[in-house]
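Asks: Provide a 3D model corresponding to the input given below.
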Amino acid sequence: MTIGSEVVDKAMAAHEASRHMAIASTELKNAALAAIAQALEERTPAILAANAVDMDHAKENGMPAAMQDRLMLTKQRIADMAEGVRQVISLPDPVAVSLKDWVRPNGLEIQKITVPLGVIAMIYESRPNVTVDAAALCIKSGNACVLRGGSESIHSNIALCQVIQFGMEKAGLPKTAVELIENTDRALVKELLSQRRYIDVAIPRGSAGLIQMVVNTALVPVIETGSGVCHVYVDAAADLDMAVRIIENAKVSRPSTCNSMETLLIHESVLEPLLAKLVPVMKERHVEMRGDTAVCDKNHDIAAAVEADWSTEYNALIMSIKKVASLDEALDHINRYGTHHSETIVTEDDAAARRFLREVDAAAVYVNASTRFTDGFEFGFGAEIGISTQKLHVRGPMGLEALVSFKYMIKGQGQIRC
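Replies: Got it, this is the predicted structure:
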């Protein structure tokens with residue numbers, strides 16, 4: 001097989017299948033999703049066996065522990081995938097929804113109606129659950145998709161794609177509506193991103209390096225999903241016990257995800273008491289802490305931070321800590337170093353909370369809650385295809401409504417334009 005032939009063949013097949021998906025009924029799409037959810041449960045042993053091969057290779061190649069956590073499947077994680085698919089079934093069909101209709105003075109009847117995007121190319125790393133999440137959302141929204149996961153998860157992705165295609169065929173939909181590029185040669189990614197005839201949009205999901213590579217090289221439109229340099233700002237008026245709980249959850253619950261906290265900003269008036277409460281908790285959870293001079297002077301268990309720390313997405317049990325003199329300084333820092341993903345303020349001051357919500361430029365802005373909630377499942381979307389950090393055409397967790405566009409349908413009675 002020559003480089004690129006698998007890409008062209010599968011992109012072409014997905015493009016052809018997209019015509020059938022665009023007009024598939026809600027009942028047919030839901031039947032496919034139900035069959036996929038059931039097959040995930042029934043084929044759990046085979047999926048786990050395939051994932052075990054990937055995990056063995058990951059350990060042999062020295063993959064960091066946080067990335068191994070992203071890669072690893074368990075019986076519960078597969079059950080969660082199936083539940084996510086079933087939640088998508090319960091969501092309204094976003095296709096053929098009338099957004100607006102009106103009649104012009106000349107009698108033309110115009111209707112604006114939602115339609116699928118077409119063929120979505122998903123480029124992602126490590127996390128095999130993305131295979132299922134992306135496919136489920138594309139199926140329900142009447143799209144086809146071409147999936148390209150990383151080489152580290154290839155055996156898991158092949159097993160999952162087989163389940164998905166089985167469910168599609170069982171429901172009577174074309175299995176080629178969900179295609180997986182199985183050749184792991186990196187050259188095929190650029191080949192996929194050049195298929196303007198067959199691919200309507202590309203969505204990268206993974207490291208900052210992967211995302212920038214896709215953005216910089218794609219010849220098809222790209223929805224940029226983000227690296228997450230997420231911040232928690234503890235205000236002068238914060239409940240410090242609440243702050244510790246939020247910080248611990250935002251950093252520790254799953255540090256490999258893009259919605260985990262990387263930098264903690266602390267108002268100078270609560271720096272010492274907060275560190276006294278927080279540092280023992282973080283040490284117990286094996287978090288490496290790096291701070292500015294003021295922070296290090298208050299606690300010698302904290303290493304010195306360097307400039308690069310403020311813009312680094314660690315994806316690991318590492319956090320940077322900085323003292324700020326005011327809410328204004330916190331806002332300046334976030335708007336300089338943030339990646340427009342998720343930011344939170346811990347405060348009992350309503351005015352400070354309102355300013356933070358209004359002035360922070362991010363997809364998700366929180367008051368007194370963990371950044372870890374930026375997630376399609378947590379937002380009630382069933383699943384997500386990614387978290388967009390750009391402003392066009394969508395932003396934040398991308399569920400079904402993010403995967404449709406619209407067209408105008410016009411009815412006349414013989415009108416001609418003068």
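
Asks: Not counting its neighbours along the chain, what's nearest Arg104?
Replies: Spatial nearest neighbour of Arg104, chain neighbours left out: Ile110 (6.6 Å); criterion: C-beta to C-beta, 6 or more residues apart in numbering. Heads up, the C-betas are built off the backbone N, CA and C, glycines and all.

Asks: is that neighbour in a bridge, and if so with what?
Replies: Trp102, Ile410 (DSSP bridges).

Asks: Centre of the chain to the lowest-mean-pLDDT helix or strand in the chain, how far?
Replies: Of all helical and strand segments in the chain, the minimum by mean pLDDT, DSSP states H and E falls on helix 65-71, at a mean of 86. Centroid separation for helix 65-71 versus its chain: 16 Å, with C-alpha atoms, centre = their mean, to the nearest Å.

Asks: helices or strands up against that helix?
Replies: Judged by 3 or more C-beta pairs under 8 Å, 6 or more residues apart in numbering; DSSP states H and E, the packing partners of helix 65-71 are helix 44-60.

Asks: Run through the stretch 201-350 of the chain and note the low-pLDDT ranges.
Replies: Along the stretch 201-350 of the chain, no part satisfies pLDDT under 70.

Asks: now the strands for it?
Replies: For the stretch 201-350 of the chain, strands defined by DSSP state E, counting those that start in this stretch occupy the ranges 201-205, 230-234, 261-267, 288-291, 303-304, 318-324, 342-346.

Asks: okay if I get those strands as JSON lines plus mean neighbour count and distance to Gln76?
Replies: Converted to JSON lines, the strands of the stretch 201-350 of the chain look like this (neighbours: other C-beta atoms under 10 Å; distance: least, C-beta to C-beta, whole Å):
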{"stretch": "strand 201-205", "mean neighbour count": "25", "distance to Gln76": "22"}
{"stretch": "strand 230-234", "mean neighbour count": "28", "distance to Gln76": "26"}
{"stretch": "strand 261-267", "mean neighbour count": "26", "distance to Gln76": "25"}
{"stretch": "strand 288-291", "mean neighbour count": "21", "distance to Gln76": "28"}
{"stretch": "strand 303-304", "mean neighbour count": "13", "distance to Gln76": "35"}
{"stretch": "strand 318-324", "mean neighbour count": "24", "distance to Gln76": "27"}
{"stretch": "strand 342-346", "mean neighbour count": "30", "distance to Gln76": "25"}
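
Asks: Distance to Ala276 added to these, as a markdown table?
Replies: Formatted as a markdown table, the strands of the stretch 201-350 of the chain follow (distance: least, C-beta to C-beta, whole Å):
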| stretch | distance to Ala276 |
| --- | --- |
| strand 201-205 | 39 |
| strand 230-234 | 13 |
| strand 261-267 | 12 |
| strand 288-291 | 13 |
| strand 303-304 | 18 |
| strand 318-324 | 13 |
| strand 342-346 | 16 |
